[in-house]
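S.K.: Starting from these lines, generate the structure:
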Amino acid sequence: MKVPEGDDGELVDAVNLVAEAIAALGIAVTDGQGRPLPGVSDKIAVLALLRSYRQQLARRGRTEDAVGLGDLARRIERVG
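M.R.: Residues are numbered from 1 along each chain as shown. Now for the predicted structure:
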């Protein structure tokens, strides 16, 4: 998801493509008990995946990468 800063339209397109890939792989956003959440938007699904990946990076000591993904997550949260 290397989208230039300020190109929100391209960012939304990238989020949608990633969400399609998530669905094609059978990855589901789940609640605290592991049950799939129905009707999750593309944006929420991508943010959930990013959150999980950032946690894994932080656990492995890759804090700089985790921080960079945090910046991306905040950018995604801002777009419609």
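S.K.: export the strand or helix carrying residue 73 as CSV, just CAs?
M.R.: When elements are defined using DSSP states H and E, residue 73 is found to belong to helix 63-78. Output for helix 63-78, consisting of C-alpha atoms alone and laid out as CSV, is shown next (Å, rounded to 0.1, in the frame of the first residue of the first chain):
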residue,chain,number,x,y,z
THR,A,63,9.2,-1.2,16.3
GLU,A,64,10.2,1.2,13.4
ASP,A,65,8.2,-0.9,10.9
ALA,A,66,5.3,-1.1,13.4
VAL,A,67,5.3,2.7,13.8
GLY,A,68,5.3,3.2,10.0
LEU,A,69,2.2,1.0,9.7
GLY,A,70,0.6,3.0,12.5
ASP,A,71,1.0,6.1,10.3
LEU,A,72,-0.6,4.2,7.5
ALA,A,73,-3.5,3.1,9.7
ARG,A,74,-4.2,6.6,10.9
ARG,A,75,-4.2,7.7,7.2
ILE,A,76,-6.7,5.0,6.3
GLU,A,77,-8.9,6.0,9.3
ARG,A,78,-9.1,9.6,8.0
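S.K.: Please point out which parts of that helix sit buried.
M.R.: Neighbour-count burial for helix 63-78, counted by 16 or more other C-beta atoms under 10 Å, picks out 66, 69, 72-73, 76. Any C-beta I mention is one placed from the backbone N, CA and C, and that applies to glycine too.
S.K.: Mind giving me the packing neighbours of it?
M.R.: In this structure, helix 63-78 packs against helix 8-24, helix 42-59, with contacts taken as 3 or more C-beta pairs under 8 Å, 6 or more residues apart in numbering; DSSP states H and E.
S.K.: Many thanks, we can stop here.
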